[in-house]
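S.K.: can you look at this prediction? I've put the sequence above it.
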Amino acid sequence: DTIALDVEAVRGILPRGGTILGSSRTNPIKVEGGIERIKDNLAGLGVDALIAIGGEDTLGVARELYDNGVKVVGVPKTIDNDLNATDYTFGFDTAVGIAMEAIDRLHTTAESHHRALICEVMGRHAGWIALHAGMAAGANVILIPEQPFDIDKVVEYVESRFKTRYAPIIVVSEGAHPVDGQMELATGERDAFGHV
């Protein structure tokens, strides 16, 4: 499906997160004849070059298309900030700001109810959002995929924090995992790009 992205079509999208295109999580490289179909569609539409705007999966497909003769420009737009050869992706700053605000607002609730509160943030296998937002908002524990955690030490810290009459805030990146474990899904299901 295609639509023309003229001024009228893109007016008002600046403050919107995510995609206006409704793109799928389909991996066209894994679909039989996918690359040729893409090339045929681009040629049939008179497209001279493809601008791939996305993260690791999108730009991985873009690279594969480039290797197969498609003129491609890759734009590193991912909140995860996890692209090789890219210092800083756009989307990351917004994600950190929103997560930081949410975490910051948890402090009074946690303390008034004397509870440990956990905030999970996105990032897949990169802990940048959790680390930056957690530090900026004063989280007490930050769990990231790059550093496996010991659940007993986390519990010990939570208990010690309660003894100070303050309630702990724990920020967890979605890919965080314990020292002796990995991310698991009850069904074992993976998306088209192989992610849990």
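M.R.: Arrived safely.
S.K.: now the strands: where do they sit in this structure?
M.R.: Secondary structure of the chain (DSSP state E): strands at 50-54, 72-76, 117-121, 141-143, 169-173.
S.K.: give me the contacts around the last one.
M.R.: Outside of strand 169-173, the residues that reach it under the criterion C-beta atoms under 8 Å, 6 or more residues apart in numbering are 99, 103, 106-107, 110, 116-123, 126-127, 129-131, 133-134, 137-145, 154, 158. Using the backbone N, CA and C atoms, a C-beta is placed for each residue, glycine as well.
S.K.: mind doing that once more with 7 Å?
M.R.: Around strand 169-173, the neighbours that count as contacts under C-beta atoms under 7 Å, 6 or more residues apart in numbering are 103, 106-107, 110, 116-121, 123, 127, 129-130, 133-134, 139-145.
S.K.: can I get the buried part of these as one PyMOL selection?
M.R.: Here is the PyMOL selection string for the buried members of the contacts of strand 169-173, based on 16 or more other C-beta atoms under 10 Å:
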select buried, resi 103+106+107+110+116+117+118+119+121+123+127+129+130+133+134+139+140+141+142+143+144+145
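S.K.: let me see the mean pLDDT of stretch 7-24.
M.R.: Stretch 7-24 shows a mean pLDDT of 77.
S.K.: one step back: out of the strands of the chain, nearest to Thr86?
M.R.: strand 72-76 (4.6 Å; C-beta to C-beta).
S.K.: now the strands of the chain as TSV including distance to Val31 and mean pLDDT?
M.R.: Output for these, formatted as TSV (distance: least, C-beta to C-beta, whole Å; pLDDT from 0 to 100):
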stretch	distance to Val31	mean pLDDT
strand 50-54	17	87
strand 72-76	18	89
strand 117-121	31	93
strand 141-143	36	95
strand 169-173	31	94
